[in-house]
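*Asks:* Okay, predicted coordinates and the sequence, questions at the end:
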Amino acid sequence: MRKLKDRERRLACSRRDLLASLSTGFGMTALSALMADPAYAGLATGARPHHAPSAKNVVFLFMAGGVSHMDTFDPKPKLAELDGMRARLDNYTAGPNRKWLGSPWSFRQHGECGAFVSELFPHVATCVDDLTIVRSMKSDFPLHPRSNIKMHTGRNVGGYPSLGSWVTYGLGTENKDLPGYVLLDGGAVPPGGVENFSNGFLPASHQATSIAAEGVPIENLAPADLDPVQRVKLEAVSEQDRLLAKAQGGDDAIESAVRNYELAYRMQSLLPDVLDLDRETAETKRNYGLEAKDKEARLYATQCLRARRLVEAGVRFVEITCAEVYGGNNGTWDQHTELKKGHEGNARITDQPVGALLKDLKARGMLDETLVVWATEFGRTPDTGNGDGRDHHETGFTIWMAGGGVRKGLVYGNTDELGVHAVENVMTVHDLHATILHLVGLDHERLTYRFGGRDVSLTDVHGHVVHDLIA
């Protein structure tokens, strides 16, 4: 009888041990599955951020064509004094028939920081206390294609990965059912073409996924077959691709194609919901300007609201471009003539949606973790050859940033009294890239990819983090 009771006690202990080990085992199995998932903690490449990030996501508002700095965020009263006089300056070469051109717009101080903003941007002006305005940017080329590619890739030639590709290579996406890098196409590709958004030599899964502003956002995304049939077809195609990749020793293009098939399959159900603006309130739509009379303003508003929804859904890097309505074939803001008409038209299209995006992100508690960058490839000349236009100008221009760990209400750097040269706290494109990477937790010197026999980075051997801009 005693032996029987001892046996029952041993069995009871064994059952408790078994249940305890099973519960731990189930937990460990779930944890290991999470850790193996490349979307867990946003790590698509297996690499972790180099340091604690200030920003989790980036929204890049690219204003192609060359926004005039002395007509937007960098007032130059001296130009008003010299307006119409022959342009002469010791360190600036101007043609014999060129004259100084004062700004046709007035400036006013806004917010507690007192930053000056042109009357072109009444909506963005209400957000200045959240902005870091950099007035001392400098580029290398007065040519649209080369400067656009430089602003995106850090190089002046094609074939290199864009900023968005580097960010997603380093951090991946927070949502495995959506791409990490999305381009919200405003209706025109900036000069320099798709090289601006290329993955270059990085794996093809890091290239931008383009979403159109008008019509079908992404062609051929809706399934043509029932899900079981589509799944069988996808597996068959993927198996053939894997066999081919194996035969060729592991081809990245083929492996990326397989991953992109899977991503497209998963996107079918989630992306339409993310892009469905009917889920937004009527007030939100009005704030962004979805009811604007101007079609281009409505389309840009649509893309800005989509940007917020994409970031909210876990997309790491979102870029928005503009349609070339007033700028011809060289970029939206490229006003060699009719400066007043062109800049006012472009500001009317972009100002309200951009201001609404900033306020919306802030109201939802997302701005602190979302870095918004408003940038152009270069500025415009303080002088004119025809009396009503400005030309390309790379030695001084303005960009701004908001959220994501940058200092609020800061005006950083300066150009000279005529806006010719950046003269105080000069900031290069490489510096801007290094600072953006730092804000998302990446060291621009350590984020590299082995290509052509060496470790290549976004900034190459240039650039430094501008810590004065960081909160």
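*Replies:* Okay, I see it.
*Asks:* Pull the CA coordinates from stretch 80-98 and hand them back as CSV.
*Replies:* Below are the C-alpha coordinates for stretch 80-98, written out as CSV (Å, rounded to 0.1, in the frame of the first residue of the first chain):
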residue,chain,number,x,y,z
ALA,A,80,14.6,94.8,-51.6
GLU,A,81,17.0,97.8,-51.3
LEU,A,82,19.0,96.7,-54.4
ASP,A,83,16.0,95.5,-56.5
GLY,A,84,16.5,96.4,-60.1
MET,A,85,20.2,97.4,-59.8
ARG,A,86,22.9,95.6,-61.7
ALA,A,87,24.1,92.5,-59.9
ARG,A,88,27.7,92.9,-58.8
LEU,A,89,29.5,91.0,-56.1
ASP,A,90,33.2,90.2,-55.6
ASN,A,91,32.7,86.5,-54.9
TYR,A,92,29.7,86.0,-57.2
THR,A,93,29.8,85.9,-61.0
ALA,A,94,26.8,87.5,-62.6
GLY,A,95,26.2,88.2,-66.3
PRO,A,96,26.4,91.8,-67.6
ASN,A,97,22.6,92.1,-68.0
ARG,A,98,21.6,90.6,-64.7
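*Asks:* you'd agree His50 is up against Asp443?
*Replies:* Yes - here His50 reaches Asp443: they are 4.2 Å apart, a contact under CB atoms under 8 Å. (Each C-beta comes from the backbone N, C-alpha and C, glycine too.)
*Asks:* Can you name the next helix or strand after the host helix or strand of Ile436?
*Replies:* Using DSSP states H and E, Ile436 maps to helix 429-439. Remark: after helix 429-439, the chain's next helix or strand is strand 448-451, criterion DSSP H and E.
*Asks:* Mind giving me the packing neighbours of that next one?
*Replies:* Counting contacts by 3 or more CB pairs under 8 Å, 6 or more residues apart in numbering; DSSP states H and E, strand 448-451 is packed against strand 454-457.
*Asks:* could you measure the closest residue to Leu178 other than its chain neighbours against Gly180, distance?
*Replies:* Distance criterion CB to CB, 6 or more residues apart in numbering; nearest residue to Leu178, sequence neighbours excluded, is Val315 at 5.4 Å. Distance, Val315 to Gly180, using CB to CB, to the nearest Å: 7 Å.
*Asks:* so what's in contact with these two at the same time?
*Replies:* Here Val315 and Gly180 have Thr173 as joint contacts, going by CB atoms under 8 Å, 6 or more residues apart in numbering.
*Asks:* can you list the weak-confidence ranges in this structure?
*Replies:* 1-47, 220-227, 229-230, 233-234, 238, 245, 249-267, 269, 328-329 (pLDDT under 70).
*Asks:* Which segments of it make up each domain?
*Replies:* Taking automatic domain parsing as the domain assignment, the ranges for the chain are 1-36, 49-219+288-469.
*Asks:* Figure out which of the ones you listed is closest to Glu235.
*Replies:* Closest of those to Glu235 is domain 49-219+288-469, at 18.1 Å (criterion: CB to CB).
*Asks:* Centre-most residue in this structure?
*Replies:* Centroid check for the chain by CA atoms, centre = their mean gives Phe60 as the closest residue, at 2.8 Å.
*Asks:* Which residue comes closest to it once chain neighbours are left out?
*Replies:* Glu319 (4.3 Å).
*Asks:* so that neighbour sits in a helix?
*Replies:* No - under the criterion used here (DSSP: H, G, I helix; E, B strand; the rest coil), Glu319 is strand, not part of a helix.
*Asks:* measure it to Trp374 for me?
*Replies:* Per CB to CB, Glu319 is found 12 Å from Trp374.
*Asks:* Which residues are in contact with each of these two?
*Replies:* Here Glu319 and Trp374 have Leu61 as joint contacts, going by CB under 8 Å, 6+ apart.
*Asks:* before we move on, the earlier item: can you tell me the element the residue nearest to Leu178 falls in?
*Replies:* Going by DSSP H and E, Val315 is not in any helix or strand.
*Asks:* Is it in contact with Lys176, as I believe?
*Replies:* No - using CB under 8 Å, Val315 is not in contact with Lys176, being 11.5 Å away.
*Asks:* Tell me where the stretch 51-200 of the chain has helices.
*Replies:* Ranges of helices in the stretch 51-200 of the chain, per DSSP state H, counting those that start in this stretch, are 77-82, 122-125, 144-153, 163-171.
*Asks:* Out of these, flag the one nearest Glu417.
*Replies:* helix 77-82 (4.4 Å).
*Asks:* which helices and strands does the closest one pack with?
*Replies:* Secondary elements touching helix 77-82 (3+ CB pairs under 8 Å, 6+ apart): none.
*Asks:* Could I get the contacting residues of the residue nearest to Ser106 when sequence neighbours are not counted?
*Replies:* Excluding its sequence neighbours, the residue lying closest to Ser106 (CB to CB, 6+ apart) is Glu119, at 5.4 Å. Counting by CB under 8 Å, 6+ apart, Glu119 makes contact with Trp105, Ser106, Phe107, Arg108.
*Asks:* quick one: Glu119 and Glu344, what's the gap?
*Replies:* Per CB to CB, Glu119 is found 10 Å from Glu344.
*Asks:* swap in Thr398?
*Replies:* 18 Å.
*Asks:* what do you get for Tyr412?
*Replies:* Distance from Tyr412 to Glu344, by CB to CB: 27 Å.
*Asks:* Likewise for Val456?
*Replies:* Using CB to CB, one gets 42 Å for the distance from Val456 to Glu344.
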